[in-house]
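S.K.: Have a look at this prediction, sequence included:
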Amino acid sequence: MRRNLIGLTGLLLVTVLALSWGGNVTSAVQTTPTSTPAQDYTPLPGHTLGPEDAPVTIVMYGDFQCELCARYARDLAELIDRYPGELRLIWRHLPDPDTHDKAALALQASEAAAVQGRFWEMHDQLFAHLPEWATLTPDEFRAELSAYAAVVGLDVARFEAELDAGTYAWMVEAARRDAANLDIVGVPQLLFNGIPYTGRDDLFGLEDAVRLELLTARQFDAPPPMTIDLSRSYRATIVTQQGDIVLDLFPRDAPQAVNNFVFLARAGWYDDMTFFYVVPGFLAQTGDPSDTGRGSPGYTIPDEHTNGLIFDREGLVAMSHPVGVPESAGSQFFITLAPLQTLGDWNGQYTIFGLVIDGLDVVRNLTPRNPNDPINFPNPPPGDRVITITIEEF
């Protein structure tokens, strides 16, 4: 569903917050955000956009006079367009009248529009014109609201009568109490399927969170049973948009890792993903269909890093997992672009399970990319795409 945005895409506020998730092998240990407090509390309903059965529900607590809320609103509108039918957005008020002198009036205006079926239109109008009305006095803003009501197609007389009578004034404190019951004290606050969002503070980060949530529908309940034949040889071909990368796998050195890799490849898990993390002269990482660096198949496999193999050359293929978290590998893997044993404590940390025998030039020419570095990669280029991975057994 595409909404009629009234200048909303013209807003831009560049703000970068600290990262809290790390998916590649050089990042901090991944953390799992906790669910919101007071889970037995039922919040106020809010205003909903999108299908009830959408796999991803995003709740936004916001204040119409908050600049960052306006930026989030623009980004969420873009995500709804990019993922039609897969997102549901719920807006819940959290005004700060102590800091924002017109926040309470803006809330009431949106509710007066809501009773006429135009909440989202007023929502967009308020955010699109925030730079203009933020500097007005409350009386001047009140006059401007009548013009907004006309633009979004309201019965202006009814809108003005309800606004001036304070019909919805009670909702200001009710909304603040409602948020406080969930320990939500500031805006903007986003919840993705009930989990507080703490990722990159831009459209790139928000889309990562959406893709990560959508991946859950593809995850498995348990690791695969051992099905490979350890007396046979296995070769994998990573078919990419840049060319093929051929791997010899090491089933006798790392049976769990090879069995897992073969299972996922044959199940199509690796189809249509990207090399999401590439540092020339270091490594290239893939294996996450969400392309976020935080996706997993829903299970983990045992480590096999004491198999005697060491990071002494480029072209080695190894399982990736969060730094310092043993037994946490799932589907992500990396290919070395240099000997790593002189760059840190790699040996005995990550399971080596294969070697590139053809196409190493393809790996070397992959697009550099680090989604966890908003300073050097504020808008990372698309990763080079993996079309599929095929397995030969002989």
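M.R.: Great, that's in hand.
S.K.: Which parts of the stretch 1-150 of the chain are strands?
M.R.: 47-49, 56-62, 87-93 (DSSP state E, counting those that start in this stretch).
S.K.: residues near residue 171, how many?
M.R.: Residues near residue 171, counting by other C-beta atoms under 10 Å, number 18. Glycine gets a C-beta too; all of them are placed from N, C-alpha and C.
S.K.: and if you look at residue 268?
M.R.: Residue 268: 12 surrounding residues under other C-beta under 10 Å.
S.K.: What average pLDDT does stretch 262-272 get?
M.R.: What stretch 262-272 shows for mean pLDDT is 98.
S.K.: That one: which residues count as buried?
M.R.: Neighbour counts over stretch 262-272 (16 or more other C-beta atoms under 10 Å) mark 262-265, 269-270 as buried.
S.K.: swap in stretch 200-220?
M.R.: 200-215, 220.
S.K.: cool, and stretch 336-355?
M.R.: For stretch 336-355, by 16+ other C-beta under 10 Å, it's 336-338, 340, 346-347, 349-355.
S.K.: And stretch 383-394, by the same measure?
M.R.: Residues of stretch 383-394 classed as buried: 383-384, 386, 389, 391 (neighbour count, 16+ other C-beta under 10 Å).
S.K.: Among those, pick out the one closest to residue 57, please.
M.R.: Proximity of these to residue 57 was ranked by C-beta to C-beta; the top entry is residue 383 with 27.4 Å.
S.K.: For that closest one, which residues are in contact?
M.R.: With C-beta atoms under 8 Å, 6 or more residues apart in numbering as the criterion, the residues that contact residue 383 are 274-276, 278, 286, 291, 366-367, 369.
S.K.: Dump the residues you listed to CSV, plus neighbour count.
M.R.: CSV is the format used below for these (neighbours: other C-beta atoms under 10 Å):
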residue, neighbour count
274, 20
275, 24
276, 28
278, 25
286, 28
291, 26
366, 22
367, 15
369, 21
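S.K.: And for residue 235, the neighbour number?
M.R.: For residue 235, using other C-beta under 10 Å, the count is 16.
S.K.: same check, this time on the one 10 residues further on
M.R.: With neighbours defined by other C-beta under 10 Å, the count for residue 245 comes to 26.
S.K.: likewise residue 252?
M.R.: There are 11 residues near residue 252, going by other C-beta under 10 Å.
S.K.: got it, and residue 112?
M.R.: Other residues lying near residue 112 total 26 when counted by other C-beta under 10 Å.
S.K.: Also residue 327?
M.R.: Counted with other C-beta under 10 Å, the neighbours of residue 327 add up to 9.
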